[in-house]
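Undergrad: Need a 3D model of the following:
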Amino acid sequence: MSYIGRVTNKSSDIRVFDVTSSTSATHTLTWTAPNEQSLIVTINGIKQHEDAYSVSGTTLTLTDALVATDKLEVIGINDLGTTLTPAQNSITNDMVSSTAAIAQSKLATLAITDSEVADNALSGNKIDGGTISDFASTGIDDNADAVAITIDSSENVGIGETTPLGKVHIQSASSGTIAPSGNADELVIEGSGHAGISLYSGTTSTGLINFGDDGHDSPGQIIYDHNDNSFQFVTNTGERFRFASSGQLGVAGANYGTSGQVLTSSGASSAPSWAAAAGGVNTPAFGAYENGTAQSIANTTTTLMQFSTVAFDTDSCFDNTATNYKFTPDVAGKYFFYAKMTYGDSFGTNQDKVGSLEIRKNGTGITWQQTMSVYPCNQCSGIVEMNGSSDYVQCYTWQNYGSNRALYSIAMGQVFYGFRIIE
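TA: Next comes the predicted model:
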């Protein structure tokens, strides 16, 4: 059988020596025997054990001398027990066992080029403790001058870290003696100063982090949308909060509420929503007055007062168009209303002549006042529950002088105010 370091024995390497009619213990061979193992010694056909003789050069010495009738035969295999160095380029594939193990120390002095190694000839476990410099392949080009990537016995990967603290540990510099939580050690990013992760996307695309489980690949998400520069947070597959490009806070998408509204809790089982502020702003609110034109009031006729000039109207709820002059709030709650009116035409001294003022909700009076005076002046106020959609309030006046009477023509002679009460 051939094996590395040996070549096949040739017939010229086998020698035979015969002795008869000798009574000596010492005999001279016709070749130089390398050692006892290279000889087969028989006396009268019986093979002798190696301790029954010794050899030195060409001299064979038996332990006991022969007798005249003994027949000695010595067979010598010249290559047995010796190491032969094959000639250069004389070893072929057939001469090397497929299971042969060549020591690393022996390979260290060899210069093997890539053309001398067959494709797919080396497996990973055939390189033990060695270092491959200037390594390059189609997918990897190694020009590092120090250890860059470490894979430990737990198959954890360290980049810039020789003792990875997680499944993948990327370190630019040590942050000190620290270890990640066992609930968050799949990816460890470490630096001695600031440490971070950069996600780069197209100008009209998104950068996102998905949170999934065995029931859904992404029930939770953190999304940055470069199309409108908004930051979105998703839970249970639905968007819950969003920060828009100017810092606006959106609820359940791009719902940013209206000016003055606040984020209001709906309890533990519901999401918050935008609602009018409570405890800070009395809105909706309005103030209106007659612009200095003396409105004429017919005798014994209930007449809608004309507040044609709006001093303020926070939510655009007061309608000062002809035939309306009414306030319709868009937020439900309790409201305080105040109204004042003054007649400019004299009622004289007749004690049975009066002028009155009334605040009405949806056409029905809720508070009123009447005055018997030369120039009747009335004020009234009240608190009213409004539904925030269809309920409205107006002011009316009435007089029984006997003919038309005009209201006082100065600005602010007739006023009407209202606001939502903070609860």
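
Undergrad: Only C-alpha atoms from now on, for both contacts and neighbour counts.
TA: Will do.

Undergrad: May I ask you to confirm that Glu73 is in contact with Ile46?
TA: No: applying C-alpha atoms under 8 Å as the test, Glu73 and Ile46 come out as separate, 9.6 Å apart.

Undergrad: Now Tyr338: closest residue in space that isn't a chain neighbour?
TA: Among residues not flanking Tyr338 along the chain, Ser381 sits closest, at 4.3 Å (C-alpha to C-alpha, 6 or more residues apart in numbering).

Undergrad: Tell me who's in contact with that neighbour.
TA: Ser381 makes contacts with Phe336, Phe337, Tyr338, Ala339, Ile359, Thr367, Trp368, as judged by C-alpha atoms under 8 Å, 6 or more residues apart in numbering.

Undergrad: can you tell me the average pLDDT over the strand or helix carrying the first one?
TA: This points to Phe336. With elements taken from DSSP states H and E, the one containing Phe336 is strand 333-342. For strand 333-342, mean pLDDT rounds to 94.

Undergrad: Could you name the helices and strands sitting against that strand?
TA: On a contact count with 3 or more C-alpha pairs under 8 Å, 6 or more residues apart in numbering; DSSP states H and E, strand 333-342 meets strand 355-361, strand 377-386, strand 415-420.

Undergrad: partner strands of the longest one, parallel or antiparallel?
TA: The partner list of strand 377-386 in its sheet, established with DSSP bridges, is strand 333-342 (antiparallel).

Undergrad: what angle do the strand it pairs with and strand 355-361 make?
TA: In terms of direction (axes from the mean of the first three to the mean of the last three C-alpha atoms, to 10 degrees), strand 333-342 departs from strand 355-361 by 160 degrees.

Undergrad: Now do the buried residues in strand 333-342.
TA: Gly333, Lys334, Tyr335, Phe337, Tyr338, Ala339, Lys340, Met341, Thr342 (16 or more other C-alpha atoms under 10 Å).

Undergrad: Check these against Met372 and report the nearest one.
TA: Nearest to Met372 out of the buried residues of strand 333-342 is Thr342 (C-alpha to C-alpha; 11.9 Å).

Undergrad: For that closest one, give me its contacts.
TA: Residues in contact with Thr342, defined by C-alpha under 8 Å, 6+ apart, are Tyr375, Pro376, Cys377, Asn378, Leu407, Tyr408, Gly413, Gln414.

Undergrad: The residue lying closest to it once chain neighbours are set aside and Asn299, how far apart?
TA: Leaving aside its sequence neighbours, Thr342 sits nearest to Cys377 (C-alpha to C-alpha, 6+ apart; 4.3 Å). Applying C-alpha to C-alpha, to the nearest Å, the value for Cys377 to Asn299 is 17 Å.

Undergrad: So which of those two has more stuff around it?
TA: Using other C-alpha atoms under 10 Å, the more surrounded residue of Cys377 and Asn299 is Cys377, with 23 against 15.

Undergrad: Assess the claim that the more buried one and Tyr343 are in contact.
TA: Yes: between Cys377 and Tyr343 there is a contact under C-alpha under 8 Å: 6.5 Å.

Undergrad: which residues do the two both contact?
TA: With C-alpha under 8 Å, 6+ apart as the test, Cys377 and Tyr343 both reach Gly355.

Undergrad: Go through the buried residues of strand 333-342 and say which is closest to Phe286.
TA: Phe286 has its nearest neighbour among the buried residues of strand 333-342 in Phe337, at 9.7 Å by C-alpha to C-alpha.

Undergrad: quick one, what contacts the closest one?
TA: Going by C-alpha under 8 Å, 6+ apart, Phe337 touches Ser381, Gly382, Ile383, Val384, Phe416, Tyr417, Gly418, Phe419.

Undergrad: Which residue comes closest to Ala52 once chain neighbours are left out?
TA: Nearest one to Ala52, counting by C-alpha to C-alpha, 6+ apart, is Thr63 at 5.3 Å.

Undergrad: is it true that the one you found touches His27?
TA: No: taking C-alpha under 8 Å as the definition, Thr63 is not a contact partner of His27, at 11.8 Å.

Undergrad: could I get stretch 153-166 in PDB with only the CA atoms?
TA: The C-alpha coordinates for stretch 153-166 follow below in PDB (Å, rounded to 0.1, in the frame of the first residue of the first chain):
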ATOM      1  CA  SER A 153     -17.800  29.100  20.100                       C
ATOM      2  CA  SER A 154     -21.400  30.200  20.600                       C
ATOM      3  CA  GLU A 155     -21.600  31.400  17.000                       C
ATOM      4  CA  ASN A 156     -21.800  35.000  18.200                       C
ATOM      5  CA  VAL A 157     -20.200  37.500  15.800                       C
ATOM      6  CA  GLY A 158     -18.100  40.400  16.900                       C
ATOM      7  CA  ILE A 159     -17.100  43.300  14.500                       C
ATOM      8  CA  GLY A 160     -14.400  45.300  16.200                       C
ATOM      9  CA  GLU A 161     -15.000  43.200  19.300                       C
ATOM     10  CA  THR A 162     -13.200  39.900  20.100                       C
ATOM     11  CA  THR A 163     -15.600  38.900  22.900                       C
ATOM     12  CA  PRO A 164     -19.100  39.600  21.400                       C
ATOM     13  CA  LEU A 165     -21.800  40.300  24.000                       C
ATOM     14  CA  GLY A 166     -24.700  39.400  21.700                       C
END
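
Undergrad: Noted, bye for now.
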